[in-house]
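> Next one to model:
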Amino acid sequence: MINFVYYTPTKMVFGKDTQYEVGKLVKETGAKSVLVHYGSERVVRTGLISTVTKALDEEGIKYVVLGGVVPNPHLSKVREGIELGKANNVDLILAVGGGSVIDSSKAIAYGLGEPDKDVWELYRHERKAKKCLPVATILTIAAAGSEMSNSSVITNEVTGEKRAYDDDIARPVFSILNPEFTVTLPDYQTMSGCTDMMMHTMERYFSTAGNMEITDAIAEALMRQVMKTAKILHKDPTNYEARADAMWAGSLAHNGLTGCGTNSDWATHLLEHELGGMFDVTHGAGLAALWPSWARYVHDNDMDRFVKFALNVMEVEKQPTDEETVEAGIRALEDFYHEIGMPINMKELGIEPTDEQIDKLAESCAKAAGGPLGCAKPLLKEDMVKIYKMAR
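So this is what the prediction gives:
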């Protein structure tokens, strides 16, 4: 195995009615003025925002509220939040929502931490953050794992760039997870979230350096459980136990646990970021549409891992050759995606990029990668073009 650092400072508060603890938890951080950040009006209609503001009032904590975050969160909303935070001397960002809201909150926290600098420089990897305000979350969508991770992804809607920035200083100080908040989500959003959880683990699993059996065993069990849970929720969206499994799985899939002692690939994620930037597709569905083509393109460089995935995760029967076993595993995952209503190519995703658009996608992805992308098989621009075309 390779050396690693596992750092998870987030206090996780999990279960029914945990939202009522938010005032006490914020007070414990020492915050005096909070920016409550959210996305859709769903959290307003359900009364969650009122619950939050009442709890802050009871603790004597000042707050301002900013809604309007969209999927693939926009840089313009981040800038709006930074200006609102400056005007109100905000010292903590409270995200109420899913991954997009949390990502937007982290970006605002970076911007307020260094108010004399342009936050977009971080996402373009032109500098590293030196300071970030504390972030806390009340999670309403199980998917991204941002509630426990060091990651955030922001879209510059002017340039069409969708870029990630990872830094431990943005890991939330606490996260409240009540699975009941996810019951009213549309099925497509729930299934996209489960796909994202799978991919967060798979990006770490298809490693070419290091071998740590306990990490592999955790990753394999997590992937199998997410698939089982997704099938249950696809048929019975009100199942609390399955909702709870999905919500906790999302956190574990992206807090670093399933990558301890191995390296990680992340090529599918970066390829999808370009689709999100150009076509504004749902992130998890975009990952599902790209992964089978990526797998068929790179598997010969990482054959042992793909065989292990086919046998231990997809639980297919071993075929006469490794190549046939790998293909059986990929087809099994495609069948799973179809079973839960996810696409396995871009046409099923609802987009059909032209050759010119594919070239632009690959060029932008290669630029964002800053060199060969991925570890299963390092990809250059010409490889990315081929994968996009295979996925079309």
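> What is the burial count for Lys86?
Applying other C-beta atoms under 10 Å, we find 12 residues neighbouring Lys86. From N, CA and C alone the C-beta is placed, and that goes for glycine too.
> So it sits against Gly113, correct?
No - judged on C-beta atoms under 8 Å, Lys86 makes no contact with Gly113 at a distance of 11.5 Å.
> What's opposite the residue lying closest to Glu80 once chain neighbours are set aside in the beta bridge?
Nearest residue to Glu80, sequence neighbours excluded (C-beta to C-beta, 6 or more residues apart in numbering): Leu66, at 6.8 Å. Beta bridges link Leu66 to His37, judged by DSSP bridges.
> Leu66: neighbour count?
The local packing of Leu66 (other C-beta under 10 Å) involves 18 other residues.
> so how far is Asn255 from it?
26 Å (C-beta to C-beta, to the nearest Å).
> and the longest helix seen in the chain, what other elements does it pack with?
Assignment by DSSP state H gives helix 213-235 as the longest helix of the chain. On a contact count with 3 or more C-beta pairs under 8 Å, 6 or more residues apart in numbering; DSSP states H and E, helix 213-235 meets helix 187-205, helix 240-253, helix 322-339.
> So for that helix, mean pLDDT?
Averaged across helix 213-235, pLDDT comes to 97.
> Return the set of buried residues in it.
215-216, 218-220, 222-223, 225-227, 229-234 (16 or more other C-beta atoms under 10 Å).
> in the stretch 251-392 of the chain, which spans are helices?
Secondary structure of the stretch 251-392 of the chain, counting by DSSP state H, counting those that start in this stretch: helices at 267-279, 283-298, 303-312, 322-339, 346-349, 355-369, 381-391.
> mind putting the ones you listed in a markdown table, mean pLDDT, distance to Thr238 and mean neighbour count included?
Listed next are the helices of the stretch 251-392 of the chain as a markdown table, based on pLDDT from 0 to 100; distance: least, C-beta to C-beta, whole Å; neighbours: other C-beta atoms under 10 Å:
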| stretch | mean pLDDT | distance to Thr238 | mean neighbour count |
| --- | --- | --- | --- |
| helix 267-279 | 95 | 30 | 24 |
| helix 283-298 | 98 | 21 | 25 |
| helix 303-312 | 97 | 31 | 20 |
| helix 322-339 | 98 | 19 | 18 |
| helix 346-349 | 98 | 28 | 18 |
| helix 355-369 | 96 | 39 | 17 |
| helix 381-391 | 98 | 34 | 19 |
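> Serialize the ones you listed to TSV and add fields for distance to Ser40.
Shown next, in TSV, are the helices of the stretch 251-392 of the chain (distance: least, C-beta to C-beta, whole Å):
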stretch	distance to Ser40
helix 267-279	18
helix 283-298	16
helix 303-312	35
helix 322-339	25
helix 346-349	22
helix 355-369	28
helix 381-391	29
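> For burial, what's the neighbour tally of Tyr6?
When neighbours are defined as other C-beta under 10 Å, Tyr6 has 10 of them.
> Just to be sure, it is in a strand?
No - counting by DSSP: H, G, I helix; E, B strand; the rest coil, Tyr6 is not part of a strand but coil.
> List of residues touching stretch 271-281?
71-72, 153, 155, 160-164, 283, 286-287, 289-290, 294, 346, 349-351, 353, 357, 360-362, 364-365, 368, 384, 387-388 (C-beta atoms under 8 Å, 6 or more residues apart in numbering).
> Quick one: end-to-end distance for stretch 159-173.
End-to-end span of stretch 159-173 (C-alpha to C-alpha, to the nearest Å): 32 Å.
> Now it: buried residues?
161-165, 167, 169-173.
> which one of those residues is nearest Ser149?
Nearest to Ser149 out of the buried residues of stretch 159-173 is Arg171 (C-beta to C-beta; 7.0 Å).
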